[in-house]
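Undergrad: no letters, just coordinates:
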């Protein structure tokens, strides 16, 4: 079994256990209810599922950062904001990759070009 399949199996098992526990502990939660109640509960479930997905993506972005530039990863980790890299990865990921590459005229020029691109993109 691959690591991905094992993770999916574990998440499925945990989710199944949580759902069964909720059903047994709160049977009135699953009585016939109004449409509005169903919508409200669906929003809660969707929020929980979306949150889990976002946290997983944040974790994966932090792992990519650790592989790209361990120094930046350690600085963010020291400040306990490593997972926040997910929100800026698309914008500064290329810059971090270039910063971690060995210095040469070509890589220095690429780094400067990327900085200029970011400045121009967000200049008012």
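TA: Ah, there it is. Everything numeric in this text was worked out from a predicted model, so none of it was measured.
Undergrad: immediately after the helix or strand of the chain with the lowest mean pLDDT, which helix or strand?
TA: Least confident element among the helices and strands of the chain, by mean pLDDT, DSSP states H and E: helix 3-25 (a mean of 77). For helix 3-25, the following helix or strand on the C-terminal side (DSSP states H and E) is helix 35-68.
Undergrad: tell me how far the residue located most distally from the centre of the chain lies from residue 88.
TA: Ranked by distance from the centre of the chain (CA atoms, centre = their mean), the top residue is residue 32, with 36.0 Å. Residue 32 sits 47 Å away from residue 88, going by CB to CB, to the nearest Å. Using the backbone N, CA and C atoms, a C-beta is placed for each residue, glycine as well.
Undergrad: ok, now residue 95?
TA: Using CB to CB, residue 95 is found at 10 Å from residue 88.
Undergrad: compare neighbour counts for those two and give me the winner.
TA: residue 95 (18 against 12; other CB atoms under 10 Å).
Undergrad: okay, now the unreliable bits of the chain?
TA: By pLDDT under 70, the weakly predicted segments of the chain are 1-3, 29-30, 124.
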